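In: Sharing a model prediction with you, sequence too.
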Amino acid sequence: LLSDVDRQVQDDAVKLLHFFNEKRPKDLRNLAISGLEACYDFQRSANSQFDPFGDSSRLSDCFKGIHRLYRLLCPIKADRDRFLKAVVDDKIRNTINIMATKKIASSEAMVEASKKVGFLAHTLANLHYDYDEPLLIIFYINKLLG
């Protein structure tokens, strides 16, 4: 719901997340990492023409909610670093590995997987970072590709 374009829906989602974060912050962080893929799936189901490589207005609304989640989950730098590493290692690496091993049968599925990687990369590129977090992401991606 954080990726919904309606600001009221985003606000309500943040309220729920604040409540959940008070009770189970580690569980929420783990769910949020998986939730980034769910954001992409939600955008695709809400708009079949959604394209993370070209739909900049829809992406900017989506990123506002994701940014709020990022700041809620990761008030401490070490937590932000773990979150960013998990996004690169768990989500982007897994999708790229599936694409590389040709476990995707059709070209449509390959395009869809590349769009998901693009969405995750756009998400990482559009979070509001502190001092050295972009360098850390570059390090993780370099490690992934190297």
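Out: Nice, thanks for sending it over.
In: And the pLDDT for residue 64?
Out: With respect to pLDDT, residue 64 scores 73.
In: Then residue 102?
Out: So residue 102 comes in at 68 (pLDDT).
In: and if you look at residue 4?
Out: 68.
In: Figure out the helix or strand that residue 54 lives in.
Out: Under DSSP states H and E, no helix or strand contains residue 54.
In: how many neighbours does residue 96 have?
Out: 15 (other CB atoms under 10 Å). Where you see a C-beta, it was placed from the backbone N, CA and C, and this is true even at glycine.
In: and it, what is it in contact with?
Out: By CB atoms under 8 Å, 6 or more residues apart in numbering, the residues touching residue 96 are 117, 144.
In: What secondary structure category should be reported for it?
Out: The local conformation at residue 96, judged by DSSP: H, G, I helix; E, B strand; the rest coil, is helix.
In: Distance check, it against residue 17.
Out: 29 Å (CB to CB, to the nearest Å).
In: Help me confirm that residue 85 comes into contact with residue 139.
Out: No: between residue 85 and residue 139 there is no contact under CB atoms under 8 Å: 9.3 Å.
In: center of this structure - which residue?
Out: The geometric centre of the chain, computed from its C-alpha atoms, lies nearest to residue 36 (CA atoms, centre = their mean), at 3.6 Å.
In: Let me see the contact set for it.
Out: Applying CB under 8 Å, 6+ apart, we find residue 36 in contact with 66, 87, 91, 120, 123.
In: The first one and residue 59, how far apart?
Out: Shown here: residue 66 relative to residue 59, a distance of 10 Å by CB to CB.
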